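Asker: Here's a sequence, model it:
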Amino acid sequence: MRKKRSRSKLSQPEARRRYVEIGELAVLQQIEKDSKALDDNAIAVGPFGRLDAAAVAARDGKTRGAVTNLFGSQAVFQAETMKLALNAAEWIEMIEYPSPSAFQSPDAWIDALFAAESARGPRHAAEPAVNYAFLWALWLSAVPYGIWSERVSGPSVDEFVQWVQKLEQLFAGAIDHFGMRLRKGISVNHLATSAATLIEGAWLNQCLTLQHPCDAKEAIATVLTRAGRLLWNGATELRT
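Answerer: The predicted structure follows:
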């Protein structure tokens, strides 16, 4: 005879909590499963998997066939869209930073640099547009898959390195221009990597709010400009 299951002794709130926690694990396990499938085949995940070829074609005054004839299927179209959106190498090449020679002091330049990086990132409640800021936000939706998928993590890491190398050149030139040097034990790569990590961390907050998260009277950009100044001053000093 089948053994009778014992009735749960958890209260309703406790039972709801338990099943939500089980659901959280199930979601992570599904992402892991999808990530492994992503490496075996070019499939779209996250919001890209909901991309409707018919709706896209209609925006151009065409029917679904206009898209599927070009790509073979909606699934291929979704995967190609994701591939392009997650590869921002060309956007990084187009970045133009404030020139150190246009500023009289390193503090003024570093403030301008990080203010520009804040402006280059995503903005809470902004209208959707195809630009680097929104592609970066789209990349966030695929980040969990990068834990298990080389198809997501590989290009993302390569792109980060490309950006860091660009920052290395910028910081090396600024240090020389302002007659400064790096403090003992710090390399230009340390500075550039820290700056890139700091910028992306601040962008996370910019996705959620236009004000400083701890002080509504301050603009969100001050999070990055102040942190950037602290980073620069901690890594550099005047030559003696």
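
Asker: Let's test this: mean pLDDT of stretch 219-227, rounded?
Answerer: Averaged across stretch 219-227, the pLDDT comes to 97.

Asker: Quick check: pLDDT value at Thr236.
Answerer: So Thr236 comes in at 98 (pLDDT).

Asker: That one contacts Lys184, doesn't it?
Answerer: No - contact criterion Cβ atoms under 8 Å: Thr236 and Lys184 do not qualify, at 11.5 Å. C-beta coordinates here come from the backbone N, C-alpha and C atoms, glycine included.

Asker: Show me which of those two is the more surrounded one.
Answerer: Counted by other Cβ atoms under 10 Å, Thr236 and Lys184 do not tie: Thr236 has more neighbours, with 20 against 6.

Asker: how many neighbours does the nearest residue in space to the more buried one that is not next to it in sequence have?
Answerer: Computed as Cβ to Cβ, 6 or more residues apart in numbering, the closest residue to Thr236 that is not its neighbour in sequence is Met180, at 4.8 Å. By the measure other Cβ under 10 Å, the count of residues near Met180 is 16.

Asker: same deal with Asn69?
Answerer: Neighbours of Asn69 using other Cβ under 10 Å come to 11.

Asker: And the one 5 residues further on, by the same measure?
Answerer: Gln74 is surrounded by 17 other residues when neighbours are defined as other Cβ under 10 Å.

Asker: Lys83 versus the residue nearest to it when sequence neighbours are not counted, what's the distance?
Answerer: Excluding its sequence neighbours, the residue lying closest to Gln74 (Cβ to Cβ, 6+ apart) is Ala53, at 4.3 Å. Computed as Cβ to Cβ, to the nearest Å, the Ala53 to Lys83 distance reads 16 Å.

Asker: Of the two, which one has the most company?
Answerer: Looking at Ala53 and Lys83 with other Cβ under 10 Å, you find the greater number of neighbours at Ala53, namely 22 against 14.

Asker: and for stretch 124-141, what are the contacting residues?
Answerer: 46-47, 85-86, 88, 91-92, 120-123, 156, 200, 203-204, 206-210, 220 (Cβ atoms under 8 Å, 6 or more residues apart in numbering).

Asker: what's the span of that stretch, first residue to last?
Answerer: 16 Å (Cα to Cα, to the nearest Å).

Asker: buried ones in that stretch?
Answerer: Buried residues in stretch 124-141, counted by 16 or more other Cβ atoms under 10 Å: 132-139.

Asker: Any chance of the residues you listed in a markdown table with secondary structure, distance to Arg229 and pLDDT as columns?
Answerer: Formatted as a markdown table, the buried residues of stretch 124-141 follow (DSSP: H, G, I helix; E, B strand; the rest coil; distance: Cβ to Cβ, whole Å; pLDDT from 0 to 100):
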| residue | secondary structure | distance to Arg229 | pLDDT |
| --- | --- | --- | --- |
| Tyr132 | helix | 24 | 95 |
| Ala133 | helix | 23 | 96 |
| Phe134 | helix | 28 | 95 |
| Leu135 | helix | 28 | 94 |
| Trp136 | helix | 23 | 95 |
| Ala137 | helix | 26 | 95 |
| Leu138 | helix | 30 | 93 |
| Trp139 | helix | 27 | 93 |
